[in-house]
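Undergrad: Give me a 3D structure for the following:
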Amino acid sequence: MIELFIGTCMGPNGWSSRSFVYTLQDGEIQYLRGYCNFSAGVGRTGTFIALDILYDQGTDKGSIDVFKCVDELRQRRVNMVQTKRYTTCLPVSIFLTLMSNSGTVSEKNSEDDIYTTAKKTDNKSKNRYDNILAPNEFRPFLLTQVPGCPDYINAVFIPGYLNKFGYILTQTALTSTAVDCCRLVYEQEVKIIVTFQEDGDDDVNILLTHTIPDYLDMSSYLFILIGIYLPEKGSVKLGPFGMTFVADENKRDYIRRGYQLTFQSEKRSVTQLMFKEWPPSSLTPSDPSKMLYFLEEVETLQRQNDDKPILAQCLKDAQRSGLIVVLMDILERLRFDKEVSISLVIRQLKIRRQQIIPNFWSKS
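TA: Okay, the predicted model is just below:
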């Protein structure tokens, strides 16, 4: 019996073959002698063969040698893996494929090593929850000098499909980190901030609607304090930064607010998009169609702002904001590749922020 596999996700100018190779590996085609052909038989064909060889190499040895593999293929057929674009994509694709095959990338370092900066004494007050921290490798470093403020903020870079700095996840500002949010927005040239209505959140309601007993230490309620750096009217002054409310527009499913961020003599426009249709007590939005419409609006605005990183912000920094960036990544992949592995996307992003999609489960 002869089986034909047609790869639809590898075009001549842009490609995403890792899911195709992964499917073939699962289909046990590696035990068969196969015939592979894409057009000229050297570019995509060579890349596919190299991916298969490197996959086995990575599985067996735990490391890959891309240049040796390509060189050996070219000794048998000139121009195999024809362009630099294909060559540079090989290690990334192999890494993602091997990662998806093993569930998540294993952590070689202990948790203490990963979060050393977040756990420093000076930074502990900047974490809303002590179990949601920014790993050293993926956090932004704040460079703007503000007295008494280190370079740490509990935030992580989350890659988009085409932009490795496509999104930033961070917690709703604490009173002690509102100025840090301004530093982050300024330094990363953020033009769009996605937030959620949180006045119905149980954590916030404890502070807003209940009197805290005298016998309880107020510091134990640090995680529910809200710092204001996006005022609903007027302006706020935070260190060397000023944030001034300009105008708002109440849309069907969200509120759009415009702000002017000032630093020294420089002025920048910032837009806040606050999604309204997500009950704080629910893990998911009340109406998925409204969420998709909102994401379309966010994408449109992002394209109008030179694809600068989107700052997604919620109380727990992972659940609602995390779902937003997962969905946007999935939609981006669908738009370019016409297919997507949802579980693979979630696994990739959970490397940066483990609490993203907290009820996600996959076999190891």
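Undergrad: ok, now which ones touch the residue sitting nearest the centre point of the chain?
TA: The centroid of the chain falls nearest to I158 when counting by CA atoms, centre = their mean (2.4 Å). By CB atoms under 8 Å, 6 or more residues apart in numbering, the contact set of I158 is G166, Y167, I168, L169, V325, L349, R352, R353. Where you see a C-beta, it was placed from the backbone N, CA and C, and this is true even at glycine.
Undergrad: P150 too?
TA: Applying CB under 8 Å, 6+ apart, the residues contacting P150 are K120, D122, N123, L142.
Undergrad: would the last one count as being in a strand?
TA: No. Using DSSP: H, G, I helix; E, B strand; the rest coil, the assignment for L142 is coil, not a strand.
Undergrad: who's in contact with it?
TA: C149, P150, D151, Y152, I153, D180, R183, L184, E187.
Undergrad: If any of those are buried, put those into a ChimeraX selection.
TA: If you want just the buried ones from the contacts of L142 in ChimeraX, going by 16 or more other CB atoms under 10 Å, the selection is:
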select :149,152,153,180,183,184
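Undergrad: Export the contacts of L142 to JSON lines and append columns for pLDDT.
TA: Formatted as JSON lines, those follow (pLDDT from 0 to 100):
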{"residue": "C149", "pLDDT": "92"}
{"residue": "P150", "pLDDT": "93"}
{"residue": "D151", "pLDDT": "95"}
{"residue": "Y152", "pLDDT": "96"}
{"residue": "I153", "pLDDT": "96"}
{"residue": "D180", "pLDDT": "96"}
{"residue": "R183", "pLDDT": "97"}
{"residue": "L184", "pLDDT": "97"}
{"residue": "E187", "pLDDT": "96"}
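Undergrad: closest to K316 among the contacts of L142?
TA: Nearest to K316 among those, counting by CB to CB, is I153 at 15.6 Å.
Undergrad: looking at it, the closest one is touching R128, isn't it?
TA: No. With contacts counted by CB atoms under 8 Å, I153 stays clear of R128, the gap being 11.5 Å.
Undergrad: Secondary structure element holding V270?
TA: strand 266-275 (DSSP states H and E).
Undergrad: now for that strand, which elements pack on it?
TA: strand 192-196, strand 254-263, helix 288-304 (3 or more CB pairs under 8 Å, 6 or more residues apart in numbering; DSSP states H and E).
Undergrad: Specify the angle between that strand and strand 192-196 in degrees.
TA: 30 degrees (axes from the mean of the first three to the mean of the last three CA atoms, to 10 degrees).
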